[in-house]
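J.: return atomic coordinates for the entry below.
(one chain, ligands or ions: 1)
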Amino acid sequence: MSKELTKKAVEMLLRGATLLSDPCPYCKGVRVIKDGHALCVSCGKEDMQKVLPKDKEKSEPETPLAKF
Ligand SMILES: [Zn+2]
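T.: Residues are numbered from 1 along each chain as shown. You can find the predicted model right below:
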């Protein structure tokens, strides 16, 4: 584990990243994830995870009402 990698991971955590429960598929290392961006702190592999939409803003489309 390189110092730069550790630093990066710590910075991600400070910015609100969370530890991934799934280990790194390459080295089984611990990964942190933020905004769908996962970083392995052991080998440095970065992955884009598929992020599920948290809250869909449902805005009703303006329907022009035909009035007289
Ligand atoms: Zn890894």
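
J.: now the helices: where do they sit in the protein?
T.: In the chain, the helices defined using DSSP state H lie at 3-14.

J.: any low-confidence regions in it?
T.: Per-residue confidence for the chain (pLDDT under 70) gives these ranges: 1, 49-62, 68.

J.: repeat the analysis, applying 90 as the threshold.
T.: Low-confidence segments of the chain, defined by pLDDT under 90: 1-2, 35-36, 47-68.

J.: who touches stretch 36-51?
T.: For stretch 36-51, the external contacting residues (CB atoms under 8 Å, 6 or more residues apart in numbering) are 1-2, 5-6, 8-9, 12, 20, 24, 26-33, 35. In this view, the C-beta of every residue, glycine as well, is placed from N, C-alpha and C.

J.: now stretch 10-27
T.: Around stretch 10-27, the neighbours that count as contacts under CB under 8 Å, 6+ apart are 9, 29-34, 38-40, 42-43, 45.
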